[in-house]
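Colleague: Got a sequence here, can you build the structure:
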Amino acid sequence: MDKLKKRWGITSNLQAIIILIVFAITGSASAWISRPFCDWVGIHKEDLGAVWFTLIRLLIILPVYQVLLVAIGTLFGQFRFFWNFEKKMLKRMGLGFLFKD
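Modeller: Numbers count the residues shown, from 1 in each chain. Sure, this is the predicted structure:
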């Protein structure tokens, strides 16, 4: 746990646990939300096949996950951590131009 706290720049075990809970909730919620969205848009496994359906669904989940991570993190009182985490992740994805340092 100490390695994780050092890497994330936090000091409290409670904060580490809260952050892990937020990651778990966000992952599940983004996958759960993507299903009705795919139905609404008309993206079905039967029409596209398993591989294409999975790829398209992952592309849908990615932005949903980004938004939910900050939103759920804020509800748990960890906005600053997740906002910094989000900026770092987007910079690694080549979208760093969206943020000014």
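
Colleague: Show the pLDDT at the spatially most central residue of the chain.
Modeller: The centroid of the chain falls nearest to Tyr65 when counting by CA atoms, centre = their mean (3.3 Å). Per-residue confidence (pLDDT) for Tyr65: 91.

Colleague: Name the single longest helix found in the chain.
Modeller: Using DSSP state H to define each element, the chain has its longest helix at helix 13-41.

Colleague: By average pLDDT, which secondary structure element in this protein comes out worst?
Modeller: Least confident helix or strand, the chain: helix 45-48 with a mean of 82, by mean pLDDT, DSSP states H and E.

Colleague: burial measure for Leu14, as a count.
Modeller: 9 (other CB atoms under 10 Å). Yep, even glycine has a C-beta here, placed from its N, CA and C like the rest.

Colleague: re the thing from before, list the buried residues in the least confident helix or strand of the chain.
Modeller: Buried residues in helix 45-48, counting neighbours by 16 or more other CB atoms under 10 Å, are absent.

Colleague: Pull the residues that contact that helix.
Modeller: Contacts with helix 45-48, where a contact means CB atoms under 8 Å, 6 or more residues apart in numbering, come from Phe53, Ile56.

Colleague: just how off-centre is that helix within its chain?
Modeller: Distance of helix 45-48 from its chain centroid, counting by CA atoms, centre = their mean, to the nearest Å, is 26 Å.

Colleague: and after it, which helix or strand comes next?
Modeller: Using DSSP states H and E, the next helix or strand after helix 45-48 towards the C-terminus is helix 50-75.

Colleague: Mind giving me the packing neighbours of that next one?
Modeller: helix 13-41, helix 45-48, helix 79-92 (3 or more CB pairs under 8 Å, 6 or more residues apart in numbering; DSSP states H and E).

Colleague: for it, which positions count as buried?
Modeller: Buried residues in helix 50-75 (16+ other CB under 10 Å): 53, 56-57, 60-61, 64-66, 68-70, 72-73.
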